[in-house]
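S.K.: Using only what follows, build the 3D model:
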Amino acid sequence: MSDLPEHTRIYQNHHLDSTRWDGFEPRDGDIIIVTPYKGGTTWTQAIVANLLFPGGAFPAPVWQMSPWLDSRVMPVEDVLARFSAQKHRRMIKTHLPIDGLPFFPQCKYIFVSRDGRDVFMSFWNHYSNYTDAAYDRFNGAPGRVGPPLPRATFDVHECWRAWCTRGWFDWESDGWPFWSALHLTQSWWDYRHLPNIVTLHYADMKKDTPAAIARIAGFLDIEVSDPQLSTITEAVSLDAMREQGQDYVPRGGELWKGGADTFLNKGTNGRWRDVLSADELKLYDAACDRALSDDCRAWLENGGLIS
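M.R.: As a prediction, this is how the structure comes out:
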């Protein structure tokens, strides 16, 4: 493994186009928020936005201010122009493994991950509630590479089996019909020691949200007082974010049945215990054996501070 990450793969499917990073011009201090899908992305964006703009005085809805650069839905020229026009400190969202985008030493990377079984349960709620407009948007946007996103006409158990045993890309063996959350996690885990990457676990953030906010603030060199910390903690609670769904949820939730409330579902962990059988969980064990190192899997399932 090299000292710094290397951009070695191209990710292109119904959702992704990693080549969109080719035209991105970084600035010192840019904040790049990295998560697997349904791994705490919108929550982390909300925390950073409230740190940058105390009192929630956002210059635009957060999902517009911090768009998902590798998503192929919006024309890349529009996204890059939006970033170029921003005068404030910028925050960029990505769902790419570290081998799928250029690495910028002058930027700050906030990497958040989550137990893969919890990712799946949240993913299933997300995917199975797509509207017709969502499928049209993902599959109909110009330039799609590969097959269309299949409709979620199967049940959660069939989806689980495919998610654990099929990869969308040739180098992955799980994650269908999206991409591998496990490979993504391992790829960033391998570089957790770099000074411009901070690694956080979703469960730890849930357990002690003020501590997580303070850690992010310190990493970003943002001073935050105890009263401000309390205010931000309340502002990024699930109930508060639901009330401001138009600010936080991509496109205000219009791509999901039930809107923002569906996108910001439960935010809880462990729901898989009441859904998946012991035999089904063996499929996940095998997927982890293929994709994760022992230390990465232990952290992914148990959390813990990464210094």
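S.K.: Contacts for the helix or strand where Ala298 lies, please.
M.R.: Element membership for Ala298, per DSSP states H and E: helix 294-302. Outside helix 294-302, the residues that touch it by Cβ atoms under 8 Å, 6 or more residues apart in numbering are 113-116, 185-186, 189, 201, 288, 292, 306. Yep, even glycine has a C-beta here, placed from its N, CA and C like the rest.
S.K.: 10 Å - rerun?
M.R.: With Cβ atoms under 10 Å, 6 or more residues apart in numbering as the contact definition, helix 294-302 has outside contacts at 113-119, 181-182, 185-190, 192, 199, 201-204, 285, 288-289, 291-293, 304-306.
S.K.: Among the residues you listed, which ones are in helices?
M.R.: 116-119, 181-182, 185-189, 202-204, 285, 288-289, 291 (DSSP state H).
S.K.: List buried members of those residues by neighbour count.
M.R.: Neighbour counting by 16 or more other Cβ atoms under 10 Å classes 116-119, 181-182, 185-189, 202-204, 288, 291 among the ones in helices among the contacts of helix 294-302 as buried.
S.K.: Mind picking the one among those residues that's closest to Val236?
M.R.: Nearest to Val236 among those is Tyr202, at 13.1 Å by Cβ to Cβ.
S.K.: ok, that closest one touching Ala212?
M.R.: Yes - assessed by Cβ atoms under 10 Å, Tyr202 is found in contact with Ala212 at 9.5 Å.
S.K.: Now list whatever residues contact both of those two.
M.R.: The contact sets of Tyr202 and Ala212 overlap at 40, 43-44, 112 (Cβ under 10 Å, 6+ apart).
S.K.: Low-confidence ranges, the stretch 51-200 of the chain, go.
M.R.: The stretch 51-200 of the chain contains no residues with pLDDT under 70.
S.K.: what's the answer for the stretch 201-307 of the chain, then?
M.R.: By pLDDT under 70, the weakly predicted segments of the stretch 201-307 of the chain are 245, 251-253, 258-268.
S.K.: which residues in it form helices?
M.R.: 202-207, 209-219, 226-235, 238-243, 245-248, 260-263, 278-291, 294-302 (DSSP state H, counting those that start in this stretch).
S.K.: count of neighbours near Gln244?
M.R.: 17 (other Cβ atoms under 10 Å).
S.K.: again but with Ser225, I slipped
M.R.: 9.
S.K.: Show the contacting residues for it.
M.R.: Residues near Ser225 by Cβ under 10 Å, 6+ apart: 54, 231.
S.K.: Report the buried residues of stretch 11-25.
M.R.: Neighbour counts over stretch 11-25 (16+ other Cβ under 10 Å) mark 11-21, 24 as buried.
S.K.: helices or strands up against the helix or strand that Glu158 is a member of?
M.R.: In this structure, Glu158 is located in helix 156-165 according to DSSP H and E. Other helices and strands packing on helix 156-165, by 3 or more Cβ pairs under 10 Å, 6 or more residues apart in numbering; DSSP states H and E, are helix 116-128, helix 278-291.
S.K.: Now find how far off-centre that helix is within its chain.
M.R.: Centroid separation for helix 156-165 versus its chain: 20 Å, with Cα atoms, centre = their mean, to the nearest Å.
S.K.: One more: stretch 114-133?
M.R.: Centre-to-centre, stretch 114-133 and its host chain are 12 Å apart (Cα atoms, centre = their mean).
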